[in-house]
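1. just coords:
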Ligand SMILES: Cc1cc2nc3c(=O)[nH]c(=O)nc-3n(C[C@H](O)[C@H](O)[C@H](O)COP(=O)(O)OP(=O)(O)OC[C@H]3O[C@@H](n4cnc5c(N)ncnc54)[C@H](O)[C@@H]3O)c2cc1C
Ligand SMILES: Cc1cc2nc3c(=O)[nH]c(=O)nc-3n(C[C@H](O)[C@H](O)[C@H](O)COP(=O)(O)OP(=O)(O)OC[C@H]3O[C@@H](n4cnc5c(N)ncnc54)[C@H](O)[C@@H]3O)c2cc1C
Ligand SMILES: Cc1cc2nc3c(=O)[nH]c(=O)nc-3n(C[C@H](O)[C@H](O)[C@H](O)COP(=O)(O)O)c2cc1C
Ligand SMILES: Cc1cc2nc3c(=O)[nH]c(=O)nc-3n(C[C@H](O)[C@H](O)[C@H](O)COP(=O)(O)O)c2cc1C
Ligand code: FES
Ligand code: FES
């Protein structure tokens, strides 16, 4: 598909570095965890999870995201998608554990809401560097239980999400959904592996995307060649066992880069 | 569409110069009067009316038709279509007059049958040079009344179809369908015009076809530029009033040629 | 009214050469019923030509393949058709012409003058006629000489239609410009072929032909974009245009007007539809005129 | 087993260069899960290259447009990936390489030898990388020199991949053959472009790119047909193949094997599907072998 043109209808300052852009197109059929390619015209096109059917939530980290931060209500950008596979929805009554770090909240907030709507019991562990960087606290707490951790202790438990996770009985949860910076996800992966629960968990991965439609091969994971853009971005823990996940990624040229 | 490959399942000798080729593809939705482009591979591709949903009836006149006459059961040829607009079907109880000359029987036999099936009352005037050139006598007589004329008087009335037509009360017929050599159709047209009935009649025209899909412009009629392949090949008498019909046609280069 | 190389067009959509352009009546119908802002005739040459054997055109999934082989009744027969088109069409009627040499082009142009065409379009780009079309159109020197020669025999605007089947279309465009072309038209069909796998026969009577329709639009947009950057004269965009969005894309690439060929397959009034769509788009976006968006993509960096 | 330039292929379908060929693991997956008879890597050059900014690929109605810009980690990094692919893929692994000169091509080829590729494919045909690809590949002298130079540095079969964006692809094919090519591969993508009409921006980060997929199949079939007639060496057909019918058409045009690129978009096991379809077709028609239908269209007159 060619990029859709979407107009910005609202901009929400979620944290000093994070904004939600609400736009005038609704991806009715999008599953939580699917992503779109966001085209900051004249600059770059980058992947973003859908933080709702008509919004993305962007952390400013470089050129494209800075360009997006220059946009105002009424401005437009390009969007193609939704692409990829989202998180698996729970059955009614099932317990769901969500582990979200940083801007990993973007795909997980709609997932939490969808889980609640489908009658599941949701518990979220939400981590960030500090209180001001916590995003979607309300959305998660309205969807169920919420534990907060901050690296600097400005809110919730001081430390990492794994500290809460270690104290939980992970076997209670039918679904475990994880998204955040890869070192954080790798730590969660290891904790769950230690508990023998990793196969049931799902992780939303970040890799460098070019085509985003499963053709170019830029985003393939070792050792099975799974494409993050098309076979993912959400993978089960089982798919990630003994993989490059947590160890290395690749840059735009295809060179390996340590995580 | 690319030409379909069809295999010949039966060959019926209809007259010394005319054969029906029954093939293994059925054009379920074809309307009587629609045509197909018949590809005699390596030679030429020429238009032919469908004489039934899975047959064409071919008069040998030149290169492509001679090539078709060389084919045996089990041989194949190419076919694309059906194209164009067929004859208008009557309402139940309506009276239909069919005027068929020579190989003009091809689209008219299925029309006669369709009329009968839809509860109309069919009468056919069938003309040919001589008795041996009369094609589809049975099909027409099973569908209704049949009058025969031959130029040499070897069967039926000696003379032209117009001789019978002049004696009929054309105003009785809700539909009048005509197909045959253009001089014959022009004569029918004039008789009907004389009776003030030409507007209700329909004529299936022959022009030189190249694309057969309404793009190239080879088959356009003066003075309105109607395309025989797409807007026709069946036209109402009204569409043909004051047109080139009966006066001239064009050859493959687009030059006018007298009828 | 929309002015292009001195012609007044009622809108910037034009019937492409070789499509519904065999008779004057047909050209007129495309103008009156179809809503074209101008019409271009079938390419006319010095002698009557029957063209290639059928199949001469087929529809593919993504476009059309044709090898008509430049059938035409010759200029002496066609000038009457031009007249018919011209007197009743109420839009400019452009005569497309071809020949094997500059002299033949000049002969055909002169021969058609009595039919009073509004402009000439030089077909130096048909990909499937030996010794004609692209056979001359991939040689810049020939293109310049032919253009100059036709400019000599009349004062009418001369458009030169280019083939995309070359390494660098701008070199040919520049040659046309140097020869005095008032506009270039891009693109003619892209060389292509289809084979019937049941029999092994190439489908077209001429074995190979030219690809048109949706498949070639990205190729045409690129050619128009490059020509706009390289030339001074207007570029007329053609290739795969079947909706107003396609037309706007072509105009933003640099086209001053668009021609529509294969899309008449869907509906004759595709011209009205496209020009209405362009108007609505311009209105919605707050542009005053088509001219405001010609080549817009070149400014977006 | 199907033999091609000395390689043993389990079937005549090959993964095209630049598609799912960035990592050894991905190449292996296409062989094992996808069923390809051989795989070609992403084009590898002398230095790491990030490629063009995104959007670098979009799907159009009739095909795909891409301008990746030859991103690659350089031969020194990629030889390890080749090894991974080679040890586990169980099918021939062809290294696609590019450079700005014959020397650079030779440097890259030599640099990859430790990864033990089964053959080299020379990319002298990418339409959207300045100074590389088609920039060298439309010059017959350069193509001959590059081919000869790569043949010097190893005994491996060398395939030369050609661009359709030239006036006469057979001239380039003959140059490759004169340089010692063991096969030619046709075609790389066709120059193309798409513009976002809401903003006026060309969609691709590189503004223009290359068209692939169904839109280009008729163009590829024609190139393969012409090359088959002009050359002695095998022609490998690529461009728009996504079904077994497409593959048979390409083979009848003259291809000894087919490559499949964009069609992995639909499904990874398109290779198994195509090769099974070819087998069924050969059986139904009573042919013994793919070789019986290579170039069949040339005999049908
Ligand atoms: C499936 C997926 C979902 C994502 N969802 C979100 C989200 O909801 N919110 C959010 O803020 N971020 C999200 N990201 C990360 C986001 O894509 C990057 O932050 C963004 O690309 C940075 O672009 P930039 O030009 O501002 O930074 P740059 O200066 O270009 O680069 C900074 C870093 O961003 C990453 N990056 C740049 N370009 C790409 C690319 N084409 N593909 C992948 N990564 C790239 C690289 O790691 C790079 O090192 C997601 C990434 C993926 C793969
Ligand atoms: C709509 C339509 C329906 C037809 N239905 C039948 C039918 O059911 N049975 C039948 O026997 N004939 C039918 N014809 C006529 C048939 O197409 C010609 O007899 C046939 O094309 C002759 O081809 P040839 O190569 O044998 O003859 P040629 O030697 O090529 O030419 C003989 C004459 O056939 C006509 N002809 C040749 N090529 C074409 C062409 N491409 N398009 C139109 N006419 C052509 C010309 O009048 C020509 O002068 C139909 C024609 C049309 C337009
Ligand atoms: C049936 C057909 C006949 C054509 N004949 C001519 C011609 O005579 N002269 C010419 O310059 N171009 C000819 N063309 C090319 C068209 O004018 C046009 O350049 C091409 O088809 C691309 O436009 P489209 O995609 O809108 O069809 C022909 C195209 C078709 C489909
Ligand atoms: C995303 C993408 C990347 C490509 N990269 C290369 C490349 O690195 N080297 C090359 O020779 N061809 C490259 N190509 C061209 C393909 O190998 C192939 O020639 C072309 O896409 C036509 O085949 P298709 O229609 O099956 O895709 C690429 C094509 C695509 C779609
Ligand atoms: S980004 Fe191209 S395959 Fe995933
Ligand atoms: S034959 Fe081409 S328009 Fe009728």
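-> Cool, the structure landed. Please read all numbers here as calculations on a predicted model, not as lab measurements. Ligands and ions are numbered 1, 2, ... in the order given.
2. I'd like to know how far the nearest residue to residue C:114 once chain neighbours are set aside sits from residue B:84.
-> Spatial nearest neighbour of residue C:114, excluding adjacent residues (Cβ to Cβ, 6 or more residues apart in numbering or on different chains): residue C:79 at 5.2 Å. C-beta: built from backbone N, CA, C; applies to glycine. Spatial separation of residue C:79 from residue B:84 under the definition Cβ to Cβ, to the nearest Å is 31 Å.
3. Same check on residue A:230?
-> As for residue A:230, its distance to residue B:84 is 44 Å (criterion: Cβ to Cβ).
4. Repeat that for residue A:232.
-> Per Cβ to Cβ, residue A:232 is found 51 Å from residue B:84.
5. Stretch C:80-89 close to ligand 3?
-> No. Between stretch C:80-89 and ligand 3, judged by Cβ under 6 Å from any ligand atom, nothing touches; the nearest distance is 13.9 Å.
6. and residue A:124, which of the three is it?
-> For residue A:124, the reduced secondary structure class is strand; criterion used: DSSP: H, G, I helix; E, B strand; the rest coil.
7. residue in chain A nearest to chain C?
-> residue A:42 (6.5 Å; Cβ to the nearest Cβ).
8. looking at this, the residue nearest to residue C:114 is in a helix?
-> Yes. Residue C:79: assigned to a helix according to three-state DSSP.
9. Which residues are in contact with it?
-> With contacts defined as Cβ atoms under 8 Å, 6 or more residues apart in numbering or on different chains, residue C:79 is in contact with C:111, C:112, C:113, C:114, C:115.
10. show me where the stretch 151-300 of chain C has helices.
-> For the stretch 151-300 of chain C, the helices defined by DSSP state H, counting those that start in this stretch occupy C:169-178, C:217-230, C:244-253, C:270-285, C:296-299.
11. and of the ones you listed, who's closest to ligand 5?
-> The closest approach between ligand 5 and any of the helices of the stretch 151-300 of chain C, judged by Cβ to the nearest ligand atom, belongs to helix C:217-230 at 19.7 Å.
12. Does that closest one reach ligand 3?
-> No. Contact of helix C:217-230 with ligand 3 is not found when judged by Cβ under 6 Å from any ligand atom; the minimum separation is 7.1 Å.
13. pLDDT (mean, whole number) over that helix?
-> Helix C:217-230 shows an average pLDDT of 98 in the prediction.
14. Once you drop chain neighbours, what's closest to whatever residue of chain C ends up closest to ligand 1?
-> Residue of chain C nearest ligand 1, by Cβ to the nearest ligand atom: residue C:301 (17.6 Å). Ranked by Cβ to Cβ, 6+ apart and with sequence neighbours excluded, the top spatial neighbour of residue C:301 is residue A:42, at 6.5 Å.
15. Can you classify the one you found by secondary structure?
-> coil.
16. Does it touch residue D:203 like I think?
-> No. Residue A:42 lies out of contact with residue D:203 (Cβ atoms under 8 Å); the separation is 11.5 Å.
17. higher neighbour count, the two?
-> In terms of neighbours (other Cβ atoms under 10 Å in any protein chain shown), residue D:203 is the more surrounded of residue A:42 and residue D:203; the figures are 27 against 13.
18. which residues sit in contact with the more buried one?
-> Listed by Cβ under 8 Å, 6+ apart, the contact set of residue D:203 reads A:2, A:3, A:39, A:78, D:55, D:58, D:65, D:194, D:195, D:196.
19. Residue C:288 too?
-> Under the contact definition (Cβ under 8 Å, 6+ apart), the residues listed for residue C:288 are residue C:282.
20. coming back round to it: give the residues shared as contacts by residue A:42 and residue D:203.
-> Counting by Cβ under 8 Å, 6+ apart, residue A:42 and residue D:203 have no shared contacts at all.
21. Residue A:230 and residue B:84: which is more packed in?
-> The residue with more neighbours, out of residue A:230 and residue B:84, is residue B:84; 25 against 20, by other Cβ under 10 Å.
22. confidence score at the more buried one?
-> 97.
23. wait, it sits on residue B:35?
-> Yes. The pair formed by residue B:84 and residue B:35 meets the contact definition of Cβ under 8 Å, at 5.7 Å.
24. Need the residues touching each of those two.
-> Counting by Cβ under 8 Å, 6+ apart, the shared contacts of residue B:84 and residue B:35 are residue B:233.
25. What about residue C:97, how many residues nearby?
-> As a burial measure, residue C:97 scores 31 neighbours (other Cβ under 10 Å).
26. Oops, could you answer that again for residue A:70 instead?
-> By other Cβ under 10 Å, the burial measure for residue A:70, its neighbour count, is 9.
27. can you check residue C:19 too?
-> Other residues lying near residue C:19 total 26 when counted by other Cβ under 10 Å.
28. Give me the phi and psi angles of it.
-> The phi/psi pair for residue C:19 (degrees, to the nearest 10) reads phi -110, psi 120.
29. isn't it right up against residue C:262?
-> Yes. Using Cβ under 8 Å, residue C:19 and residue C:262 qualify as a contacting pair, with a distance of 7.1 Å.
30. got any residues that touch both of these two?
-> Looking at what touches both residue C:19 and residue C:262 (by Cβ under 8 Å, 6+ apart), the common residues are residue B:215.
31. tell me the contacts of the residue of chain A closest to chain C?
-> Residue A:42 sits next to A:67, C:300, C:301, D:201 when contact means Cβ under 8 Å, 6+ apart.
32. Check the gap between it and chain B for me.
-> Separation of residue A:42 from chain B (Cβ to the nearest Cβ, to the nearest Å) stands at 40 Å.
33. Check what pLDDT that residue gets.
-> As predicted, residue A:42 sits at a pLDDT of 95.
34. what are the phi and psi angles of it?
-> Dihedral angles phi and psi of residue A:42 (degrees, to the nearest 10) take the values phi 80, psi -10.
35. Do me a favour and get the end-to-end distance for stretch C:195-212?
-> The stretch stretch C:195-212 measures 17 Å between its terminal residues, going by Cα to Cα, to the nearest Å.
36. got it, and stretch A:197-210?
-> Distance across stretch A:197-210, first residue to last, is 33 Å (Cα to Cα).
37. Which residues belonging to that stretch are considered buried?
-> Within stretch A:197-210, the residues that count as buried by 16 or more other Cβ atoms under 10 Å in any protein chain shown are A:197-198, A:200-210.
38. Filter the residues you listed down to just the ones in helices.
-> Counting by DSSP state H, no part of those is found in helices.
39. So among those residues, where is pLDDT lowest?
-> Between those, the one the model trusts least by pLDDT is residue A:200, at 89.
40. Correct me if wrong: that residue contacts residue A:237.
-> Yes. Taking Cβ under 8 Å as the definition, residue A:200 is a contact partner of residue A:237 at 6.9 Å.
41. From ligand 3, how far off is residue C:65?
-> Note on residue C:65: its distance to ligand 3, by Cβ to the nearest ligand atom, to the nearest Å, is 9 Å.
42. Can you give me the neighbour number for that residue?
-> Residue C:65 has 29 nearby residues by other Cβ under 10 Å.
43. Now it: closest residue in space that isn't a chain neighbour?
-> Here the residue nearest residue C:65, using Cβ to Cβ, 6+ apart, is residue C:209, at 5.0 Å.
44. What count of nearby residues applies to residue C:53?
-> A count of neighbours around residue C:53, defined by other Cβ under 10 Å, yields 19.
45. How about residue C:1?
-> 8.
46. Spell out the residue ranges of the strands in chain C.
-> C:2-4, C:7-9, C:13-15, C:38-40, C:57-59, C:64-66, C:93-97, C:119-123, C:158-162, C:183-186, C:190-193, C:208-212, C:235-238, C:255-260 (DSSP state E).
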